[in-house]
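Trainee: Turn this into a model:
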Amino acid sequence: AGRSGDELDGGMFGMDEKNIANVIMGLGGGGGDADVVSRRNAAQRDDCGFTIEVGNLSDVDAALEEWALVMQHTESYERFVRHAVEEVIKARRLRRERKREERRRLREMEEAKNRDDGGGDSTLLSTPGSGKKVLEINDDDDDVEERIEILPAHTALNEVAAEIGGYYSSLERCLLLAGMQRAFVRANFPDDSTFSEVAIGGGAQHSSYHRAGRGAAVPLQTNLVEECLFAARRSTLRAFATGHTGTASAAANVCVDVLGRVLLEVLTRRAELGTSLVKPGEGLLGDGDQCNLGAAALSFAKSTAGKGLRAAQSRAAGGRVGEEETAEELRRRTALGVARAAANFNDLEVAADYTHRLETNFLKEVDAGYPPGARDTEQLKMCVKGLGGVVESFKQASRRSAEELVSAVLPRARQIVGESVGQREGGSGGGVQGASNFLGSPVLTVGGGAAAKANSTVLDYNLDDAAFELCQISEGYIGRMCSSLDELVEPLRVHLVPKLADELMIGILGGVSKRLEAAIRKSKFTPLGAISLDSDVRYLMNFAKDRIDSPELKSNVTLCRACPSLARLNQITLLMNVDDLEDALDLISVSKRKGNWDLKLDDAKTLLSLRVDFEGAKVNDLLQIEEE
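Mentor: Coordinates of the predicted model:
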């Protein structure tokens, strides 16, 4: 009986995560590429039992070509016969209509002649009753001829073709799964030939990847998606070429099922692996004091895993185990590793784009090769349109993978904010995490209250005239914070397709904005301090817009709509910069009417109370606005 399709599908999910991680983290090189090829060839000998089930795959492919040709000729012959029968039926119908028209005309002539004669012998020879009887006999003959069926709707040939189509579809499914399994095995042993530049919109041709300071960094994709989609396209179009709607529908359903279940599962797992490979502190991105890519490379090189990988590569290349690479070489290798890890995220977007193109291509083939308007043709189109759901599944998986990536990078981003502003740690006995104030930013002051540690530096916008003037000419904490965020995110962002890069930036901005808001709520403000806050928030928004690729997110309005936490930070800035409390009331009322105000009334009271020139009692008395 052989193994079921689900059992065969079980072998599809075999992903050598350890080997992929080693190759990406170690980045191959030297004689290691030959070893990768040899291990890949060895792995491909185990084809999940396809050879045992269906025989040599090349022979199966050739046999399916012959089967498709036989079915195509059979379908063409059947269509020709039915067309000939239709022509015969049309001729019979036309002949009957002509006979009926002739009899009608003769009857009218006979009736007119009888009326003109007015009786006599001619009336005895031809009476209206006798003519009517002859016409009724002729109509009965026509009805008998109409009921004669030349070719039934379903013939024995149709039954045989359907049976062959069932066997054909099963073998085509096995061959498609075997082709995809080969692609999975090759992807488990990546080398330089496994990766290529992203071929969808926003890849190497996207302007953001050729800006000054970006170098030649372009997002990569693996060959996995192209090979799987090519196998699916070839298999399905071959079934379409048979002209048999049942076989074509079965092939379309197989394509939808395999892409939406098997390929989606593999790509999702590879994206999860990519997240673990770039996680700051544990992967290729640095953590703590080693935030930049060069430091991350040195950290990885000094680790036990890095030493083991470099030793294996050195032995494969015939070199000495103790050879050390320069920092620049390690930085390049680490950058390449980040690019290859990012390819796992890009593959989901590539799969969504390619599957959408595949659906469009299939619909065109159906329109060109099948009778328009026929019920079977419409059913086939519905099967093909199932790929639309697969496209949406890829997009949802891509969004989830981007969220997981943000979750992996965000802890380090929060740590950067804490180091920049002196964020107070949580907990009943928590102290203050001191901010780094290397160049003496006036916004960062030593102290922070009784709970603060000695000589700790925290955020404080309680600025006088001298401090404000110094703030205008100094670097400020926000610049150093953005620089550290850039060192963390930029090596990964430039190797993601624009859509994912924007989602990464929006997610990081959301976490950073929440931490900044928490720090701002612990600071006192003078009017000059509020102006300084406005300058800092503007700097953050400009930093974000410079790194956003989508033109739709280049304005403050759309950027705040995409990132609610940043929108709250911007609203806090507007609220803290009011000249008097009456202006605050007008600002809140107008903004609420426009639908762009998220701060609650209690939040507004708390924030306005931070202004040293506003009395808390007046704030509470004035802001008597009902919550909407």
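Trainee: what's near enough to touch Cys255?
Mentor: Shown in contact with Cys255 (CB atoms under 8 Å, 6 or more residues apart in numbering): Leu176, Ala232, Ser235, Thr236, Leu358, Leu387. Placement of C-beta: from N, CA and C, glycine included.
Trainee: so which of those residues is the most crowded?
Mentor: Of all the contacts of Cys255, the highest neighbour tally under other CB atoms under 10 Å goes to Thr236, namely 26 neighbours.
Trainee: The strand or helix carrying Ile478: which residues count as buried?
Mentor: In the assignment (DSSP states H and E), Ile478 maps to helix 477-493. Neighbour-count burial for helix 477-493, counted by 16 or more other CB atoms under 10 Å, picks out 477-493.
Trainee: residue boundaries of the helices in the stretch 201-350 of the chain?
Mentor: With DSSP state H, counting those that start in this stretch as the criterion, the stretch 201-350 of the chain has helices at 224-241, 245-257, 264-278, 293-302, 304-316, 327-369.
Trainee: Those helices: which one's closest to Gln415?
Mentor: Nearest of these to Gln415, taken as CB to CB: helix 293-302 at 14.9 Å.
Trainee: pLDDT value on the residue sitting nearest the centre point of the chain, please?
Mentor: By CA atoms, centre = their mean, the chain has its centre lying nearest to Lys395, at 3.1 Å. Note on Lys395: pLDDT of 96.
Trainee: Count residues in the vicinity of the nearest residue to it once chain neighbours are set aside, would you?
Mentor: Among residues not flanking Lys395 along the chain, Ala352 sits closest, at 5.0 Å (CB to CB, 6 or more residues apart in numbering). By the criterion of other CB under 10 Å, Ala352 has 21 neighbours.
Trainee: Please tell me I have it right and Ala352 contacts Val391.
Mentor: Yes: using CB atoms under 8 Å, Ala352 makes contact with Val391 at a distance of 5.2 Å.
Trainee: And Ser58, how close does it get to Glu65?
Mentor: Using CB to CB, to the nearest Å, one gets 11 Å for the distance from Ser58 to Glu65.
Trainee: Val278 too?
Mentor: To Glu65, Val278 is 44 Å away according to CB to CB.
Trainee: just to revisit the earlier point, please give me every residue in contact with the residue nearest to Lys395.
Mentor: For Ala352, the contact set (CB under 8 Å, 6+ apart) comprises Val391, Phe394, Lys395, Ser398.
Trainee: I figured the last one hits Leu348, correct?
Mentor: So the one you mean is Ser398. Yes: using CB under 8 Å as the test, Ser398 is close enough to Leu348 to be in contact (3.9 Å).
Trainee: Those two - which one has more neighbours?
Mentor: More neighbours surround Leu348 than the other of Ser398 and Leu348, with 28 against 25 (other CB under 10 Å).
Trainee: Could you list the low-confidence segments of the stretch 51-200 of the chain?
Mentor: Within the stretch 51-200 of the chain, the stretches with pLDDT under 70 are 51-54, 118-148, 154.
Trainee: which residues in it form strands?
Mentor: Using DSSP state E, counting those that start in this stretch, the strands found in the stretch 51-200 of the chain span residues 195-197.
Trainee: just checking, next helix/strand downstream of the helix holding Ile478?
Mentor: Moving toward the C-terminus from helix 477-493, the next helix or strand (DSSP H and E) is helix 498-520.
Trainee: If you count contacts, what does that following helix end up packed against?
Mentor: Packing contacts for helix 498-520, counted by 3 or more CB pairs under 8 Å, 6 or more residues apart in numbering; DSSP states H and E, involve helix 327-369, helix 387-421, strand 457-459, helix 477-493, helix 527-547, helix 564-576.
Trainee: again, only using 6 Å
Mentor: Here helix 498-520 touches helix 387-421, helix 477-493, helix 564-576, going by 3 or more CB pairs under 6 Å, 6 or more residues apart in numbering; DSSP states H and E.
Trainee: Redo the ones you listed as JSON lines? Include distance to Ala250.
Mentor: What follows is these, written out as JSON lines (distance: least, CB to CB, whole Å):
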{"stretch": "helix 387-421", "distance to Ala250": "15"}
{"stretch": "helix 477-493", "distance to Ala250": "43"}
{"stretch": "helix 564-576", "distance to Ala250": "47"}
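Trainee: Among the ones you listed, single out whichever gets nearest to Pro372.
Mentor: In terms of CB to CB, the element of the helices and strands packed on helix 498-520 nearest to Pro372 is helix 387-421, at 20.6 Å.
Trainee: from the middle of its chain, how far away would stretch 266-285 be?
Mentor: For stretch 266-285, the distance from its own C-alpha centre to the chain's C-alpha centre is 17 Å (CA atoms, centre = their mean, to the nearest Å).
Trainee: returning to that earlier point: looking at Val278 and Glu65, which one has more neighbours?
Mentor: Val278 (24 against 12).
Trainee: got the CA positions of stretch 409-424 in CSV?
Mentor: Output in CSV follows, covering the C-alpha atoms of stretch 409-424 (Å, rounded to 0.1, in the frame of the first residue of the first chain):
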residue,chain,number,x,y,z
VAL,A,409,16.4,43.1,19.6
LEU,A,410,14.3,45.3,21.8
PRO,A,411,15.8,44.3,25.2
ARG,A,412,19.2,45.7,24.0
ALA,A,413,17.5,48.8,22.7
ARG,A,414,15.8,49.4,26.0
GLN,A,415,19.2,48.9,27.7
ILE,A,416,20.6,51.6,25.4
VAL,A,417,17.9,54.0,26.4
GLY,A,418,18.5,53.2,30.1
GLU,A,419,22.2,53.9,29.7
SER,A,420,21.4,57.2,27.9
VAL,A,421,18.8,58.6,30.3
GLY,A,422,19.5,56.9,33.6
GLN,A,423,16.2,54.9,33.6
ARG,A,424,15.1,54.0,37.1
